[in-house]
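Enquirer: this one's structure only:
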């Protein structure tokens, strides 16, 4: 049995409209809360020179200031779909519009048009009418994220669409690899919403809100387990709100419990979520989850300053979620135990 050793987590390795910026807007809501949260952890992080953000020469409050600008080319693609034919990025809105205009299945169209197809015939699984989307982790530029998505499609024998997470790596800001960690922390404590969250929610709405919902298989890795689960929670809340608003005013209050049950049943039937190397504190009610965790994954098992651990596993379950937890003793140690491309996808 391997022993767990403290290590710094290893990096996970059409233009969209301009003007988007990841993170909290400088003058936006939640600004003060974010600064307070960061200041509360800054002394510990700089004194010990460790923690989520690794060895850094600046405090987390300085990181927050840096996050107010300097968007790079890769980050501008956050929340876009990669066209596997090498024709750049496609917005979620345009992909949904194409799928709705086409004859036949919403999911089948997107998988044929934007899915990376498995290239190894003996690994190919039977075709299913399922929208399968991969969202990578942090510090992973789009070309590498697409390459990995193609690899996962080969391993699983099923087509897979890549929804890009975006990274600060190509910005001119100091320590850009650490800015992804800072952004992840802000997302996890709920003081910012990212473009990835908004676009994944839009994709779920396109697939699930119609008269004939599509089956969706979402594969979330590392940082994207944070924004991904928050996007699911937002979709659930907004779908409940939308259905209640469509009712006569006299029925809205009394119908909330029934409508909530309807939406949860929709999610349970049509949304299956795999999490790898997760860093999420909450699994929203509704979907079915499978939570894969290497027993030596330092990211998931990071101890939080206020108690508990960063992610969910078989020893730290979410009691409200319909989840299966698979804790495994994988083939790698240290940072590679967290790396989906190195080990996790092959275990699956």
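Expert: Perfect, thanks for sending it. Source: prediction; values computed, not measured.

Enquirer: contacts, neighbours, all on C-alpha from now
Expert: Noted.

Enquirer: Can you get me a residue count around the residue lying closest to residue 341 once chain neighbours are set aside?
Expert: Computed as Cα to Cα, 6 or more residues apart in numbering, the closest residue to residue 341 that is not its neighbour in sequence is residue 148, at 6.9 Å. Residue neighbour count, defined by other Cα atoms under 10 Å, stands at 19 for residue 148.

Enquirer: Please state the offset of the helix or strand where residue 148 lies from the chain centre?
Expert: Using DSSP states H and E, residue 148 sits in helix 142-156. Relative to its parent chain, helix 142-156 has a centroid offset of 16 Å by Cα atoms, centre = their mean, to the nearest Å.

Enquirer: Repeat that for stretch 286-300.
Expert: 13 Å.

Enquirer: ditto for stretch 220-238
Expert: On Cα atoms, centre = their mean, the centre of stretch 220-238 falls 6 Å from the chain's centre.

Enquirer: How about stretch 265-276?
Expert: For stretch 265-276, the distance to the chain centre is 14 Å (Cα atoms, centre = their mean).

Enquirer: Which parts of the stretch 51-200 of the chain are helices?
Expert: 60-66, 92-101, 106-114, 142-156, 176-188, 195-208 (DSSP state H, counting those that start in this stretch).

Enquirer: and the ones you listed, which one is worst for confidence?
Expert: Among the helices of the stretch 51-200 of the chain, helix 60-66 carries the lowest mean pLDDT, at a mean of 43.

Enquirer: what sits against residue 117?
Expert: Taking Cα atoms under 8 Å, 6 or more residues apart in numbering, we find residue 117 in contact with 150, 153-154, 158-160.

Enquirer: at 10 Å what do you get?
Expert: 84, 111, 124, 149-154, 157-161 (Cα atoms under 10 Å, 6 or more residues apart in numbering).

Enquirer: a markdown table for the residues you listed, including neighbour count?
Expert: Shown next, in a markdown table, are the contacts of residue 117 (neighbours: other Cα atoms under 10 Å):
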| residue | neighbour count |
| --- | --- |
| 84 | 18 |
| 111 | 21 |
| 124 | 17 |
| 149 | 25 |
| 150 | 23 |
| 151 | 19 |
| 152 | 22 |
| 153 | 24 |
| 154 | 22 |
| 157 | 20 |
| 158 | 23 |
| 159 | 28 |
| 160 | 29 |
| 161 | 28 |
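
Enquirer: Mind telling me the two of these farthest from one another?
Expert: 84 and 124 (18.0 Å; Cα to Cα).

Enquirer: Next, format the helices of the stretch 51-200 of the chain as TSV and append distance to residue 226.
Expert: Compiled in TSV, these are given as follows (distance: least, Cα to Cα, whole Å):
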stretch	distance to residue 226
helix 60-66	19
helix 92-101	20
helix 106-114	24
helix 142-156	17
helix 176-188	6
helix 195-208	9
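
Enquirer: Appreciated, that's everything.
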